[in-house]
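> Turn this into a model:
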Amino acid sequence: MKFTEAQRIRNLPPYLFARIENLIAAKKEEGVDVISLGIGDPDRPTPDHIIEELIKEARNPANHQYPSSVGMLSYRQAVAYWYNQRFGVGLDPRTEVVSLLGSKEGIAHISWCYLDPGDTVLAPDPGYPVYSGGAILAGATPHYIPVCEENGYLVDFDAISPDVARKAKMLFLNYPNNPTGAVAGGDFYRRAIDFAREYEILICHDAAYSDVAYDGYKPHSFLEFPGAKEVGIEFHSVSKTYNMTGWRIGWAAGNPEAVEALGRLKSNIDSGVFQAVQYAAAAGLTGPQEIVDRQNAIYQERRDILVDGLNSLGWNLTKPKASFYVWAPVPKGYTSASFAELVLEQAGVVITPGIGYGQNGEGYFRMALTIEKQRIREALDRLAANIGRVSF
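Got it, this is the predicted structure:
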């Protein structure tokens with residue numbers, strides 16, 4: 001018996017990281033000691049006080065029933081508290097915050113709230129694949145905005161055709177950026193707000209890496225800037241900040257209408273986050289933040305080892321200020337995919353080909369800092385022994 005897939009599924013490319021996971025599994029079955037610098041999943045443990053809160057609340061029978069789709073008020077209050085402490089941003093937890101099953105879920109579903117078949121969404125290229133994936137599932141058409149190294153991987157609003165901007169309903173932004181590690185300043189966000197006002201576009205800012213930063217740098221929230229709540233919504237989670245990727249809890253905050261629409265959609269398709277997990281996430285957001293600084297010091301040491309090591313092999317990389325990614329060009333004579341395959345076959349090291357983040361990612365690859373420094377050094381030794389010095 002043959003079942004015909006919906007067109008929206010046929011239009012959807014395979015998810016990049018699922019392919020990487022399969023590749024790693026195949027090599028491990030062959031007995032290869034794979035060092036994976038491919039997927040950005042924190043390797044540090046969730047802080048003890050968060051785990052202890054989960055255990056306590058998991059034992060409370062009151063938390064064993066269906067939760068609210070939009071999230072407990074106490075959790076949303078914790079999000080608002082964190083925004084005030086971290087960015088000086090005031091949020092109404094009742095109307096300007098909605099809980100998510102991780103920020104990825106909300107990023108995908110916001111397209112369902114605002115895009116009809118045939119609508120246009122603006123998405124950066126290279127960029128996180130879920131921005132375009134959610135739009136495709138909603139029947140909309142992504143219009144990819146090339147971002148390039150020469151411009152610091154910032155969206156150039158002046159380069160977007162007015163005809164395209166007038167058709168677009170939404171714009172995805174992401175700083176600190178995945179995959180490039182780029183960061184954005186106040187002038188950029190103010191320009192983004194002006195652009196959104198001019199063309200009546202909803203900005204969707206992915207701020208997942210706002211608290212993974214180095215050398216004293218403090219990334220901005222989009223919501224810090226006047227007018228942001230009028231034109232946009234910000235997605236965030238506890239995943240990267242508190243090493244809780246597997247817990248699947250995040251939020252969207254900002255424009256009350258967008259928050260309400262996302263909550264209304266979610267009430268029809270999911271039953272919210274287990275309340276014990278909400279209590280635990282709130283403990284992270286309102287508890288001691290020294291863990292974040294300690295963790296960033298670990299990532300910074302790994303960043304320095306990786307970038308210095310790659311530069312000794314012929315690269316000329318600048319150390320990123322934020323995120324736990326290093327974005328680098330492939331050597332002369334390779335595509336991003338062929339170089340990734342060479343590195344895996346010859347050195348047993350997994351890197352992520354840039355083409356997985358869009359056509360403009362071709363010619364680059366991404367490495368994640370989410371493994372111990374000894375394994376990063378070993379990966380560099382393998383590259384030196386099996387690939388050698390490179391040229392561009």
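> Show me which helix or strand of the protein is least confident by mean pLDDT.
Within the chain, confidence by mean pLDDT, DSSP states H and E is lowest for helix 16-29 among all helices and strands, at a mean of 76.
> Which of the residues in it are classified as buried?
Under the neighbour-count criterion of 16 or more other Cβ atoms under 10 Å, helix 16-29 has 16, 20, 23-24, 27 buried. Every residue, glycine included, has its C-beta placed from N, CA and C.
> Pick the one among the residues you listed closest to V147.
For those, the residue nearest V147 by Cβ to Cβ is L16; the value is 17.7 Å.
> Sketch out the low-pLDDT regions of the stretch 1-150 of the chain for me.
Low-confidence segments of the stretch 1-150 of the chain, defined by pLDDT under 70: 15-17, 19.
> ok, which stretches of it are helices?
Taking DSSP state H, counting those that start in this stretch as the test, the helices found in the stretch 1-150 of the chain are 7-10, 16-29, 48-58, 73-87, 103-114, 129-137.
> In the third one, which residues are buried?
Judged by neighbour count (16+ other Cβ under 10 Å), helix 48-58 contains these buried residues: 50, 53-54, 57.
> Can you show me the CA trace of the least confident helix or strand of the chain as CSV?
Included here for helix 16-29 are C-alpha records, laid out as CSV according to Å, rounded to 0.1, in the frame of the first residue of the first chain:
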residue,chain,number,x,y,z
LEU,A,16,20.6,18.7,8.6
PHE,A,17,21.4,17.4,12.0
ALA,A,18,19.4,14.2,11.5
ARG,A,19,21.8,13.3,8.6
ILE,A,20,24.8,14.1,10.7
GLU,A,21,23.6,11.9,13.5
ASN,A,22,23.2,9.0,11.0
LEU,A,23,26.6,9.6,9.7
ILE,A,24,28.2,9.5,13.1
ALA,A,25,26.3,6.3,14.0
ALA,A,26,27.5,4.6,10.8
LYS,A,27,31.1,5.4,11.5
LYS,A,28,30.9,4.2,15.1
GLU,A,29,29.5,0.9,13.8
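> in the longest helix along the chain, what's buried?
If you go by DSSP state H, the chain has its longest helix at helix 290-312. Applying a neighbour-count criterion of 16+ other Cβ under 10 Å, the buried positions in helix 290-312 are 291-292, 295-296, 299-300, 302-303, 305-307, 309-310.
> now what about it, what contacts it?
Surrounding helix 290-312, the residues in contact under the criterion Cβ atoms under 8 Å, 6 or more residues apart in numbering are 42, 44, 47, 211-215, 241-243, 317-320, 324, 326, 328, 367, 369, 371, 373, 376-377, 380, 383.
> and it, C-alpha only, in PDB?
Below are the C-alpha coordinates for helix 290-312, written out as PDB (Å, rounded to 0.1, in the frame of the first residue of the first chain):
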ATOM      1  CA  GLU A 290      27.700  32.400  38.300                       C
ATOM      2  CA  ILE A 291      27.300  29.000  36.500                       C
ATOM      3  CA  VAL A 292      26.900  31.000  33.200                       C
ATOM      4  CA  ASP A 293      30.200  32.800  33.700                       C
ATOM      5  CA  ARG A 294      32.000  29.600  34.700                       C
ATOM      6  CA  GLN A 295      30.700  27.800  31.700                       C
ATOM      7  CA  ASN A 296      31.600  30.600  29.300                       C
ATOM      8  CA  ALA A 297      35.200  30.500  30.600                       C
ATOM      9  CA  ILE A 298      35.300  26.800  29.700                       C
ATOM     10  CA  TYR A 299      33.900  27.500  26.200                       C
ATOM     11  CA  GLN A 300      36.300  30.400  25.800                       C
ATOM     12  CA  GLU A 301      39.300  28.200  26.500                       C
ATOM     13  CA  ARG A 302      38.000  25.700  24.000                       C
ATOM     14  CA  ARG A 303      37.500  28.400  21.400                       C
ATOM     15  CA  ASP A 304      41.000  29.600  21.800                       C
ATOM     16  CA  ILE A 305      42.400  26.100  21.400                       C
ATOM     17  CA  LEU A 306      40.400  25.400  18.300                       C
ATOM     18  CA  VAL A 307      40.900  28.800  16.600                       C
ATOM     19  CA  ASP A 308      44.600  28.900  17.400                       C
ATOM     20  CA  GLY A 309      45.000  25.300  16.200                       C
ATOM     21  CA  LEU A 310      43.200  25.900  12.900                       C
ATOM     22  CA  ASN A 311      45.200  29.000  12.300                       C
ATOM     23  CA  SER A 312      48.400  27.000  12.800                       C
END
